[in-house]
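J.: starting from these lines, generate the structure:
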Amino acid sequence: MLLLDRQAWLHSAKSFLAGMTALYIALAAGLPRPYWAMTTAYVVLQPVLGGTNSRGIYRISGTLIAAIAVLAIVPNLAQAPVLLSLGMSLWLSACLFVALLHRGPSSYVFMLAGYTAAFVGFPIVTQPDAIFDTALARSEEIVLGSLCAVVVAAVVFPASIQPMIRQRVDALMRDARAWCAQTLARAGGSNALRRQLAGDLSQLDLVIPFAKRDDPRHGELDEWLAQLRARLLGLLPVLAAVEDRLGNLGEATVRDEQLEALLADLRAWIGEDAAPMREAVERFRFRIAALRPAPDADHAGLLRTGLLLRLQELAELWYDSAHLRHSIATGRPPPAPVFGVDLRRLVRPGNRHIDWSMVAFSALAAGATLFAYCLLWIALGWSDGASGAMMAAVAAAFFAAQDDPAPNIAVFMKADLAAVLGAFVYQFGILPAIHDFVPLVVVLAPAFLPVGLMLSRPKLFLPGMVMAANFASLLSIQNDYVADFTRYVNSSISSVLGLLFALVMTRLFRSVGAEWSARRLVRQGWALLAAAAEGRGRQDRDRFMVRMLDLLGLLAPRLAALPADSDIGGVDMLDEVRMGLNILNLRRARSALPALHTQALDRLLADVAAHYRARRRAGRPVPAPQELKAALDAALSQLGTRAPGEARDQALLGLIGLRFGLFAPERPAGPASA
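T.: Next up, the predicted model:
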């Protein structure tokens, strides 16, 4: 099927054209390593214009940062090989630490800066006087290759990212609509949709920077996409709350004709393909306000109030999301939003969940791998061992964000070995007979074009990119043909051994399974809930929601990989999001209540915190103690005797959410949100 894919052939041809253009200009300009420009063109050119522009900017920026770092490190430590190796390894770790904090496409800048320093510095450790010229040449060749890729992508059949974004957005909205229909019809079975939506939304964040640098005629595509992602993230806990509230109320809602009519009308409205009218949202608001009962301590009344509040939020979020989808499809600006919270402001890097210790461990593990290889290289006194250090740095950096980088490092090593064998045939069997550029292009096409097909397929991208980039580098095409058999064999063996060393080190010290990571993330979620109940940290309800939803996005793909019998696989982080929102509602409301109630609620929240601390220590879902249930019931009764007021009503809604979240008979571990 790949051989018959016209788009794959087009992308391969564009990559080859960019690579040959960069190679020709570099040869004509007399640059010392023209093959670096060709390699860069292959790395930078992406299937879509926005991706190519972004990758070009990131690669140039990362290379310049690496060049500055090498100029600072190598001349000062060249006479102390161990210290030089340590300095380069610490630089790699520092860059990866920053890259892992970013998590988005821009992280490529820092990852590249980390391992490019090894590419520039290690081959000339015995010639520190040449470091400036080498760093300058590397920068020139990277800039040249990047510019060639960007120009080819923009001029030769430019491919916009918009069709791909439309496809992803349509899939997201289709899944969200299906979950809405299931929830409002009480059909249940939405767990798969929950996790799929959370995972897809976390991946959507990766293409927003590409949309920003795509065809400028597409308007504010990146901003609309970011707004849509923020609202769909906000929709997740709202829908889950509606689902649980309907389950908590049970048959009581079925006998309520007005509520049933509201649910049916809302379901039909969400099912419409046309962009919704503002008047429809206003009508839903009016109907919901008319159905809301007077606030009291009755469980059914509080649950009903919570349900109606969430239904109103559902209607508002769907209105905004549907219009943003329409704007992405048509390029016309959306109307003013109706949902009250500025979710776009909240969904920013500072509000993401960060596992600081795991980020530090992953970054240091990559640096330790490089340093260990360098010590072995120094001990052996291997003059061509630099290739192994370079490849060990690349392998450790590329997959530092993964739970188990070893399988991809193994794929990397196999692809590199294929490139080594192919380049050997060309280097010593074909290129000696080539004396002009046009014949060179003709003989390179049968190798590069088939490999280029792989670059348009996500599953084949890694081996395809490794083969294309390493094959181009190993050919070492220059103005003067230079082919040293002994050096080629030594460098090739070194590169493969460097990857093998990285693979072994990763298997021994770095690899963790999906269950280990999932359990760690769940425990961190429980720690956040305990901290919220204790009143520590920033008691910002919306910020907490975004951070927990970000954690859910990290958790979703790992939960999908767990075995069916895993006890952690049954944890629904959306439930925990709603529990946290109820806790924060209760903490916010308690400060406006009399001291007697405030002290009682403080003791209750301390018990809730102790429960989540117990879950965190056990590393699995531990049932809440019955004493906590009695305390929740008592708090509901005591607050119910007070006169209605905003603080009292909000506290009651928070309490009922905790009560039915921790002890609901239908779903013992699933909290509800008031």
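J.: need the longest helix for this structure.
T.: Using DSSP state H, we find that the single longest helix of the chain is helix 299-330.
J.: report the rounded mean pLDDT for that one.
T.: For helix 299-330, the mean pLDDT works out to 91.
J.: so which bits of it are buried?
T.: If you call a residue buried by 16 or more other CB atoms under 10 Å, then helix 299-330 has these buried ones: 301-328. For every residue, glycine as well, the C-beta is placed using N, CA and C.
J.: helices or strands up against that helix?
T.: Judged by 3 or more CB pairs under 8 Å, 6 or more residues apart in numbering; DSSP states H and E, helix 299-330 is in contact with helix 162-184, helix 221-249, helix 251-254, helix 257-270, helix 278-291, helix 646-663.
J.: ok and the longest one relative to helix 646-663, angle-wise?
T.: The one in question is helix 221-249. 70 degrees (axes from the mean of the first three to the mean of the last three CA atoms, to 10 degrees).
J.: helix 221-249 versus helix 162-184: what angle between them?
T.: If you take the same axes, to 10 degrees, helix 221-249 sits at 10 degrees to helix 162-184.
J.: thinking again about what came up before, now render the helices and strands packed on helix 299-330 as TSV, adding mean neighbour count and distance to Leu521.
T.: Shown next, in TSV, are the helices and strands packed on helix 299-330 (neighbours: other CB atoms under 10 Å; distance: least, CB to CB, whole Å):
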stretch	mean neighbour count	distance to Leu521
helix 162-184	18	22
helix 221-249	24	16
helix 251-254	13	34
helix 257-270	16	31
helix 278-291	14	35
helix 646-663	23	20
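J.: including mean pLDDT, could the ones you listed go into CSV?
T.: What follows is the helices and strands packed on helix 299-330, written out as CSV (pLDDT from 0 to 100):
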stretch, mean pLDDT
helix 162-184, 90
helix 221-249, 86
helix 251-254, 65
helix 257-270, 92
helix 278-291, 92
helix 646-663, 89
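J.: among those helices, which is nearest Pro75?
T.: With CB to CB as the measure, helix 221-249 is the member of the helices and strands packed on helix 299-330 nearest Pro75 (41.7 Å).
J.: okay, now the domains of this structure?
T.: The record's domain parsing of the chain by automatic domain parsing lists 2-160+355-510, 162-351, 514-663.
J.: could I get the average pLDDT for stretch 610-629?
T.: If you average the pLDDT over stretch 610-629, you get 92.
J.: could you list the buried residues of it?
T.: Buried residues in stretch 610-629, counted by 16+ other CB under 10 Å: His611, Tyr612, Arg613, Arg615, Arg616, Pro621, Ala624, Leu628.
J.: what do you get for stretch 331-341?
T.: Applying 16+ other CB under 10 Å to stretch 331-341 flags Pro334, Pro337, Val338, Phe339, Val341 as buried.
J.: of those residues, which is the nearest to Pro47?
T.: Comparing the buried residues of stretch 331-341 against Pro47 with CB to CB places Pro334 closest, at 27.9 Å.
J.: now do the SS call for that closest one.
T.: Here Pro334 is recorded as coil under DSSP: H, G, I helix; E, B strand; the rest coil.
J.: shouldn't Arg590 be in contact with Arg603?
T.: No: between Arg590 and Arg603 there is no contact under CB atoms under 8 Å: 11.1 Å.
J.: chain neighbours aside, what residue packs nearest to Arg229?
T.: In space, Arg229 comes closest to Leu204 once its chain neighbours are excluded; the distance is 5.1 Å by CB to CB, 6 or more residues apart in numbering.
J.: residues touching that neighbour, list them.
T.: For Leu204, the contact set (CB atoms under 8 Å, 6 or more residues apart in numbering) comprises Arg168, Leu172, Leu225, Arg229.
J.: pick the one among the buried residues of stretch 331-341 closest to Arg457.
T.: For the buried residues of stretch 331-341, the minimum distance to Arg457 (CB to CB) is 34.1 Å, reached by Pro334.
J.: hmm, that closest one is touching Trp224, no?
T.: Yes: counting by CB under 8 Å, Pro334 touches Trp224, with 6.8 Å between them.
J.: okay, now the unreliable bits of this structure?
T.: 188-190, 216-219, 252-254, 294-297, 343-350, 537-540, 564, 664-674 (pLDDT under 70).
J.: again, only using 50
T.: Where the chain drops to pLDDT under 50, the residues are 666-674.
J.: circling back to that earlier point, save the contacts of Leu204 as CSV, and put in distance to Ala37 too.
T.: CSV is the format used below for these (distance: CB to CB, whole Å):
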residue, distance to Ala37
Arg168, 33
Leu172, 39
Leu225, 33
Arg229, 36
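J.: out of these, which is nearest to Asp273?
T.: Leu172 (14.8 Å).
J.: once you drop chain neighbours, what's closest to the closest one?
T.: Leaving aside its sequence neighbours, Leu172 sits nearest to Asp200 (CB to CB, 6+ apart; 5.8 Å).
J.: tell me what angle the helix or strand where that neighbour lies forms with helix 221-249.
T.: If you go by DSSP states H and E, Asp200 is part of helix 191-204. Comparing the axes of helix 191-204 and helix 221-249 via the same axes, to 10 degrees yields an angle of 160 degrees.
J.: for the helix or strand Val109 falls within, list the C-alpha coordinates in PDB.
T.: Here Val109, judged by DSSP H and E, is contained in helix 107-121. In PDB, the C-alpha atoms belonging to helix 107-121 read as follows (Å, rounded to 0.1, in the frame of the first residue of the first chain):
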ATOM      1  CA  SER A 107      11.100  20.800  23.300                       C
ATOM      2  CA  TYR A 108      13.000  19.800  20.200                       C
ATOM      3  CA  VAL A 109      15.100  23.000  20.500                       C
ATOM      4  CA  PHE A 110      16.600  21.900  23.800                       C
ATOM      5  CA  MET A 111      16.900  18.200  23.000                       C
ATOM      6  CA  LEU A 112      18.800  19.100  19.800                       C
ATOM      7  CA  ALA A 113      21.000  21.500  21.700                       C
ATOM      8  CA  GLY A 114      21.900  18.600  24.000                       C
ATOM      9  CA  TYR A 115      23.000  16.000  21.500                       C
ATOM     10  CA  THR A 116      24.300  18.400  18.800                       C
ATOM     11  CA  ALA A 117      27.000  19.500  21.300                       C
ATOM     12  CA  ALA A 118      28.200  15.900  21.100                       C
ATOM     13  CA  PHE A 119      28.200  15.900  17.300                       C
ATOM     14  CA  VAL A 120      30.200  19.100  17.200                       C
ATOM     15  CA  GLY A 121      32.500  18.600  20.100                       C
END
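J.: any idea how far that helix is from the chain center?
T.: Distance, stretch centre to chain centre, for helix 107-121: 21 Å (CA atoms, centre = their mean, to the nearest Å).
J.: ok, residues contacting that helix?
T.: Around helix 107-121, the neighbours that count as contacts under CB under 8 Å, 6+ apart are 55, 58-59, 61-63, 65-67, 69-70, 73-74, 84, 88, 91-96, 98-102, 131, 134-135, 138, 366, 370, 389-390, 393-394, 396-398, 400.
J.: mind checking which of these are buried?
T.: By neighbour count, with 16+ other CB under 10 Å, the contacts of helix 107-121 hold 55, 58-59, 61-63, 65-67, 69-70, 73-74, 84, 88, 91-96, 98-100, 131, 134-135, 138, 366, 370, 389-390, 393-394, 396-398, 400 as buried.
J.: helices - which of those residues land there?
T.: 55, 58-59, 61-63, 65-67, 69-70, 73-74, 84, 88, 91-96, 98-100, 131, 134-135, 138, 366, 370, 389-390, 393-394, 396-398.
J.: contacts only, for Pro625.
T.: By CB under 8 Å, 6+ apart, the contact list for Pro625 reads Asp607, His611.
J.: now do 10 Å
T.: Asp607, Ala610, His611, Ala614, Ala631, Leu662 (CB atoms under 10 Å, 6 or more residues apart in numbering).
J.: wait, Ala618 sits on Val522?
T.: No: taking contacts as CB atoms under 10 Å, Ala618 lies outside contact range of Val522: 11.0 Å.
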